[in-house]
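# with the sequence up front, the predicted model follows.
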Amino acid sequence: MTKPLKRLSLFISFASITFSAYTSPAFADVINPYPEQLQEVLGKYNIDSDNILSQTTLEKAVHDRNNERLLGYNTYIRFKDCKGYLRVFQHRFGRVDNVFTRGECKIPGIENF
């Protein structure tokens with residue numbers, strides 16, 4: 001292989017690795033491994049489970065050239081009475097780190113963006 005083709009090959013390999021490292025922030029829907037902590041959040045803010053339309057949990061991970069590291073879990077909860085969602089981020093060991101709402105959903109005590 002000629003020198004320019006080797007360089008091009010290396011560049012393409014590096015570009016594809018970099019692209020995959022930055023375009024895969026989450027995995028498909030998973031079962032939340034820490035439902036107790038999530039239930040504590042729902043209880044703390046008096047969220048009625050009958051008003052929940054859907055709940056989706058995604059793994060949040062960081063990918064680099066050599067490995068991937070699980071950061072935690074994002075759980076998105078949609079409600080029947082508002083457009084938007086509640087997002088609960090849990091550390092990879094279950095600790096609740098961040099809770100907020102988006103869109104029209106307003107819950108007293110939770111910040112809305």
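That came through, no problem.
# quick one: the helices in the protein?
Using DSSP state H, the helices of the chain run over 3-22, 35-44.
# contact partners for I110?
Neighbour list for I110: 45, 86, 99-101 [criterion: Cβ atoms under 8 Å, 6 or more residues apart in numbering]. Yep, even glycine has a C-beta here, placed from its N, CA and C like the rest.
# again, 7 Å this time
45, 99-101 (Cβ atoms under 7 Å, 6 or more residues apart in numbering).
# before we move on, the earlier item: least reliable of the helices of the chain by average pLDDT, please.
The minimum mean pLDDT among these belongs to helix 3-22 (a mean of 48).
# name the nearest residue to the residue nearest in space to the middle of the chain, ignoring sequence neighbours.
For the chain, N74 is the residue whose C-alpha lies nearest the centre (Cα atoms, centre = their mean; 3.6 Å). Take N74 and drop its neighbours on the chain: the residue closest to it by Cβ to Cβ, 6 or more residues apart in numbering is L58, 5.0 Å away.
# and that neighbour, how many neighbours?
Neighbour count of L58, defined by other Cβ atoms under 10 Å: 17.
# gap between it and D64?
Between L58 and D64 the computed distance is 19 Å (Cβ to Cβ, to the nearest Å).
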